[in-house]
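Asks: Return a 3D structure for these sequence lines:
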Amino acid sequence: MVDHSYSSFMPTTKKKIIMIGPFSPPYGGEALAFKVVFDGLPSSLKKLLIDKAKYNGSKFYNLINPIYFVIKILYFSFFSKKIYMTSGSNKLGKLRDILIFIVSYIFRHEVICHVHGSAYLKLSESSILDKVLIKSLRSFSKIILLSESFRTKFNYINKSNIEIVPNSIFPNTPNFEISSKLDKY
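Replies: Just a heads-up that it's a prediction; the model follows:
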């Protein structure tokens with residue numbers, strides 16, 4: 001029997017992992033899934049959090065959040081060799097994912113990328129940004145997809161690097177408010 005829980009491919013030793021995803025309210029689907037993974041990891045694993053939504057609501061969000069992100073990812077890269085991230089859903093988020101690829105290449109990180117939404121299902125070989133994203137995804141050690149039907153759309157990824165973890169409601173998930181805003185970063 002195949003174990004499709006997050007614990008089957010996450011580290012269990014007393015190491016550190018960089019966690020990149022939305023952590024601040026309001027919680028939408030991606031933030032809820034990220035919080036479930038974050039809270040569900042063993043306490044022996046030190047989590048270095050980079051909150052994609054940290055300054056959400058600030059009128060200077062598009063300036064502050066990228067600076068915050070770059071400083072945190074570079075600083076944390078000296079302390080950890082593993083990254084768990086949720087994928088970007090717009091152009092700025094995809095640029096952030098490319099930065100993670102560059103940092104992970106320089107620091108030799110192992111990257112687990114949890115793909116949410118459909119933004120990565122529409123990658124094209126004709127776009128330069130998409131070509132770099134495809135190269136990035138190929139370098140990541142694990143790609144988590146939400147359904148088996150998505151696997152065929154990721155034909156440019158080695159099948160052994162793909163894990164299917166269906167969306168589900170956990171009994172101890174936090175109360176959350178669904179946000180209709182798109183992921184800004």
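Asks: which residues of this protein fall in strands?
Replies: 16-21, 46-51, 82-86, 110-114, 142-145, 162-164 (DSSP state E).
Asks: List the buried residues for stretch 56-67?
Replies: 56, 61, 65, 66 (16 or more other CB atoms under 10 Å). All C-beta spots, glycine's among them, are computed from the backbone N, C-alpha and C.
Asks: so the third one makes contact with residue 50?
Replies: No - counting by CB atoms under 8 Å, no contact exists between residue 65 and residue 50, whose distance comes to 10.2 Å.
Asks: Contacts only, for the residue lying closest to residue 84 once chain neighbours are set aside.
Replies: Using CB to CB, 6 or more residues apart in numbering and skipping residues adjacent in sequence, the residue nearest residue 84 is residue 112, 4.7 Å away. Residue 112 makes contact with 9, 10, 82, 83, 84, 85, 140, 141, 142, 144, according to CB atoms under 8 Å, 6 or more residues apart in numbering.
Asks: beta partners of residue 112?
Replies: Note on residue 112: beta-bridge partners by DSSP bridges are residue 84, residue 142.
Asks: Please tell me how far residue 110 sits from residue 86.
Replies: 16 Å (CB to CB, to the nearest Å).
Asks: higher neighbour count, the two?
Replies: The residue with more neighbours, out of residue 110 and residue 86, is residue 86; 24 against 15, by other CB atoms under 10 Å.
Asks: Pretty sure the more buried one sits against residue 116.
Replies: Yes - using CB under 8 Å, residue 86 makes contact with residue 116 at a distance of 5.6 Å.
Asks: Give the residues shared as contacts by the two.
Replies: 30, 33.
Asks: Nearest residue to residue 98 in space, please, no chain neighbours.
Replies: Nearest one to residue 98, counting by CB to CB, 6+ apart, is residue 132 at 5.4 Å.
Asks: tell me which helix or strand of this protein sits lowest on mean pLDDT?
Replies: The weakest-scoring helix or strand in the chain, judged by mean pLDDT, DSSP states H and E, is helix 29-40 (a mean of 85).
Asks: Cool, thanks, talk later.
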